[in-house]
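> Next one to model:
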Amino acid sequence: MSEAIPLRVLLVDDEAGFTDVLAKRLRRRGLAVEVAQSGAEGLRLLRERDFDAAVCDLKMVDMDGIEVLKVFRKMVPAMPVIMLTGHGSEEAAKDGMQAGAADYLLKPCDIDELLAKLAAAVAKAKVGPA
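Below you'll find the predicted structure:
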């Protein structure tokens, strides 16, 4: 029996406390997680490594999450990106969906819901566009 290759996830969010906790929880569930504390760092990591999916905050200090999403879509068109948004920013999250996000979640997000959305987005990306 071969070991399953862990899902490689890029987590982009400028709230260090949030990313620390979320990354730990995802790693405990068997995912390989890299954390970027800014949009620019997220872009640099994506240039250097391969990821199966990304989770990106909508509101960051250095770059808007939609900008990051658009660049990710140009760099790796098949990689699903799930947007995270604070309460009350659902309109912006819907803009993210129009810009090519696979899905979105409100923060703080439920870990099981995030895992389910990641798994579904990655499975859909592997099958290709409908």
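
> Leaving out sequence neighbours, find the closest residue to D14.
In space, and not counting its chain neighbours, D14 is closest to M60: 4.4 Å by Cβ to Cβ, 6 or more residues apart in numbering. Yep, even glycine has a C-beta here, placed from its N, CA and C like the rest.

> A102 versus the one you found, what's the distance?
19 Å (Cβ to Cβ, to the nearest Å).

> If you rank every helix and strand of this protein by mean pLDDT, what lands last?
helix 90-98 (a mean of 81; mean pLDDT, DSSP states H and E).

> and V9, what helix or strand is that in?
Assessed by DSSP states H and E, V9 sits inside strand 8-12.

> Can you list the neighbours in contact with that strand?
Residues from elsewhere that reach strand 8-12 (Cβ atoms under 8 Å, 6 or more residues apart in numbering): 19, 22-23, 26, 31-36, 38-39, 41-42, 45-46, 49-57, 60, 65, 68, 118.

> go again using 7 Å as the cut-off
Contacts with strand 8-12, where a contact means Cβ atoms under 7 Å, 6 or more residues apart in numbering, come from 19, 22-23, 26, 31-36, 39, 42, 45-46, 50-57, 68, 118.

> Now the buried members of the residues you listed.
By neighbour count, with 16 or more other Cβ atoms under 10 Å, the contacts of strand 8-12 hold 19, 22-23, 26, 31, 33-36, 39, 42, 45-46, 51-57, 68, 118 as buried.

> Restricted to strands, list those.
By the criterion of DSSP state E, membership of the buried ones among the contacts of strand 8-12 in strands covers 33-36, 53-57.

> Specify which member of those is nearest to R73.
Nearest to R73 out of these is A54 (Cβ to Cβ; 10.3 Å).

> Am I right that that closest one is in contact with L84?
No: counting by Cβ atoms under 7 Å, A54 stays clear of L84, with 10.6 Å between them.
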